[in-house]
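Visitor: what's the 3D shape of this:
(one chain, ligands or ions: 3)
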Amino acid sequence: MSKNRKLLMGTVVEAANKGASGSILQKRNPTIVFVLGGPGSGKGTQCANIVQHYGYTHLSAGDLLRAEIKSGSENGTMIQNMIKEGKIVPSEVTIKLLQRAMEESGKDKFLIDGFPRNEENRAAFEKVTGMEPSFVLFFDCPEEEMERRLLSRNQGREDDNIETIRKRFKVFLESSLPVISYYDAKGKVRKIDAARSVEEVFATVKAIFEPKNEKVLLLYYWLLLRCLTFWY
Ligand SMILES: Nc1ncnc2c1ncn2[C@@H]1O[C@H](COP(=O)(O)OP(=O)(O)O)[C@@H](O)[C@H]1O
Ligand SMILES: Nc1ccn([C@H]2C[C@H](O)[C@@H](COP(=O)(O)OP(=O)(O)O)O2)c(=O)n1
Ligand SMILES: [Mg+2]
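Guide: Ligands and ions are numbered 1, 2, ... in the order given. Model prediction:
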């Protein structure tokens, strides 16, 4: 067995044990929102806005993986090669980074950006953490617009070149869209037209995080309670 394979196996066992015994995180019963959409659809941009307005903690799977490369970890080269090829890193690696970040944050409301990106990501996260998202934000954007945005992102990312971008689009269609369909069948997907300006997109996001219906319902219950206490 190769050194990398052994390391990965160790991570799986460690993660599975944590899941079985119920991690500190599970006991905190956090709120989780998955933020999905194609590369360049505006996930990171909108997450920054949500953090400012609604006090969520933003965890970008891509950012965590890039930090892991920079840290010089044993998995670094493997992660770097996979990202350059537009491929999805094995779930055990990404889940371990997400779990650690959630635990270390001490917080209990998370925006998980760019995860789960395939069926393996989704199933492994639920199995290992025992947690499910409250809902899923899906930033829906045409490829031509995403391509334009990625080519002018200017963050010095090795995967923002036309060759890798095309590969990432293919992976999104083949592997990530089925995950969105899975949650859609459970009624958990909030689909947003992401081809508009940052401000317009955020106006729609706001409506999702501040559902007026719930406020109206609460007002009705309060009025009903007042009437009942008045009569009896
Ligand atoms: N609604 C938008 N309209 C135009 N450009 C946008 C919009 N949202 C994000 N961008 C820009 O597009 C690029 C990709 O956005 P980003 O939030 O990093 O997307 P993702 O995380 O989905 O890849 C960034 O340069 C960002 O500034
Ligand atoms: N769940 C994930 C998320 C990202 N990755 C890898 C593969 C992705 O192409 C890169 C970049 O992801 P990132 O979410 O930062 O990219 P975008 O914001 O969608 O442009 O990281 C992964 O392997 N698994
Ligand atoms: Mg991003």
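Visitor: what pairs with whichever strand or helix holds residue 136, and is each one parallel or antiparallel?
Guide: Remark: residue 136 resides in strand 135-140, with elements defined by DSSP states H and E. When pairs are called by DSSP bridges, strand 135-140 turns out to pair with strand 31-37 (parallel), strand 189-193 (parallel).
Visitor: From the chain's centroid, how far away is the shortest one?
Guide: This means strand 189-193. 14 Å (CA atoms, centre = their mean, to the nearest Å).
Visitor: What are the buried residues along it?
Guide: Residues of strand 189-193 classed as buried: 189, 190, 192 (neighbour count, 16 or more other CB atoms under 10 Å). (C-beta placed from N, C-alpha, C; glycine too.)
Visitor: Not counting that strand itself, show me its contacts.
Guide: The contact list for strand 189-193, computed with CB atoms under 8 Å, 6 or more residues apart in numbering, reads 135, 136, 137, 138, 139, 140, 180, 183, 201, 204, 205, 208.
Visitor: can you list the residues of this protein near ligand 2?
Guide: Neighbours of ligand 2 within the chain, by CB under 6 Å from any ligand atom: 39-40, 43-44, 60-62, 65, 83, 86, 88-89, 94, 114-115, 117, 121, 159, 168.
Visitor: Buried ones in the strand holding residue 136, by neighbour count?
Guide: 135, 136, 137, 138, 139.
Visitor: That one near ligand 3 anywhere?
Guide: No - counting by CB under 5 Å from the ion, ligand 3 is not contacted by strand 135-140; separation bottoms out at 10.2 Å.
Visitor: Off-centre distance for the very next helix or strand once past that strand?
Guide: Going down the chain from strand 135-140, the next helix or strand is helix 143-151, by DSSP H and E. Offset of helix 143-151 from its chain centre (CA atoms, centre = their mean): 20 Å.
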